[in-house]
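# return atomic coordinates for the entry below.
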Amino acid sequence: RTFDDYLAALRSDYRMRTRKVFRNTAALDISFIDNTTGFSDELYRLYLNVLNKSNLKIETLSKDYFRGDPFRIFVARLRGKPVGFVQLLENGEELVFEFVGIDYDVNEEIPVYHRMLYEIVRYGIDHGLISTSNKEEMTKQDFDILGILYLMADSQDLVPQDAEDAMNEWAHDNYNDEEL
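Modelled structure (predicted):
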């Protein structure tokens with residue numbers, strides 16, 4: 001399966017929303033960095049933006065945490081300036097979405113966060129990784145949940161707690177209590 005297969009398998013209204021995200025983020029340059037040298041003060045400030053906006057603040061991670069070897073970090077840049085990043089961890093055959101950093105001012109103008117979420121899906125599919133939820137090969141169904149969650153967000157300032165709440169709402173709307 002490819003990311004294009006995933007997109008083709010989406011319902012038409014989700015495909016339309018997805019195309020809109022890609023169209024509105026066409027100016028973004030998405031690339032991976034070398035964690036040990038590429039995680040800058042600027043990227044750390046993006047992480048702090050999300051942390052400061054979050055309702056649940058467990059601890060503030062150090063900049064060195066993001067420079068760890070096992071992580072994969074991709075950065076979204078607009079005209080050369082970092083406006084978002086996602087930190088991923090390949091745990092055997094699992095893909096774990098660790099942390100995110102966002103420039104919320106830019107995110108109000110273009111859906112940086114949503115684009116990065118699609119890039120997570122692309123990375124998982126491209127690398128044949130499995131879902132952390134059911135340990136099966138990532139399929140269209142695994143990513144439907146991700147896609148629906150991200151597309152449900154009407155707000156451009158979705159933060160992790162909002163994501164968990166939206167996922168729970170989606171599950172209750174689409175499954176009866178016996179299936180949950």
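
# so Phe22 sits in a helix?
Yes - checked against DSSP: H, G, I helix; E, B strand; the rest coil, Phe22 lies within a helix.

# touching, it and Glu119? I think so.
No - taking contacts as C-beta atoms under 8 Å, Phe22 lies outside contact range of Glu119: 10.4 Å. In this view, the C-beta of every residue, glycine as well, is placed from N, C-alpha and C.

# ok, the two, which is more surrounded?
When neighbours are counted by other C-beta atoms under 10 Å, Phe22 and Glu119 differ, and Glu119 comes out ahead with 19 against 14.

# got a pLDDT number for the more buried one?
On the pLDDT scale, Glu119 is placed at 92.

# over to His172?
Reported pLDDT for His172: 52.

# what's the answer for Met152, then?
With respect to pLDDT, Met152 has a value of 39.

# which residue ranges of the protein form strands?
28-33, 71-78, 81-91, 94-102 (DSSP state E).

# tell me which residue lies nearest the centroid of this structure.
Among the residues of the chain, the one closest to the centroid is Leu117, at 2.8 Å (C-alpha atoms, centre = their mean).

# hey, C-alpha coordinates of stretch 96-113 in PDB?
Below are the C-alpha coordinates for stretch 96-113, written out as PDB (Å, rounded to 0.1, in the frame of the first residue of the first chain):
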ATOM      1  CA  VAL A  96       4.900   6.300  17.900                       C
ATOM      2  CA  PHE A  97       4.000   9.900  17.600                       C
ATOM      3  CA  GLU A  98       6.000  11.400  20.400                       C
ATOM      4  CA  PHE A  99       5.800  15.300  20.300                       C
ATOM      5  CA  VAL A 100       4.900  18.200  18.100                       C
ATOM      6  CA  GLY A 101       5.900  21.800  17.900                       C
ATOM      7  CA  ILE A 102       3.800  24.500  16.200                       C
ATOM      8  CA  ASP A 103       3.900  28.200  15.300                       C
ATOM      9  CA  TYR A 104       0.300  28.900  16.200                       C
ATOM     10  CA  ASP A 105       0.300  32.300  14.300                       C
ATOM     11  CA  VAL A 106       1.200  30.500  11.000                       C
ATOM     12  CA  ASN A 107      -1.200  27.700  11.800                       C
ATOM     13  CA  GLU A 108      -4.100  30.100  12.000                       C
ATOM     14  CA  GLU A 109      -3.300  31.000   8.300                       C
ATOM     15  CA  ILE A 110      -2.500  27.600   6.900                       C
ATOM     16  CA  PRO A 111      -3.200  24.100   8.400                       C
ATOM     17  CA  VAL A 112       0.400  23.200   9.300                       C
ATOM     18  CA  TYR A 113      -0.700  20.800  12.100                       C
END
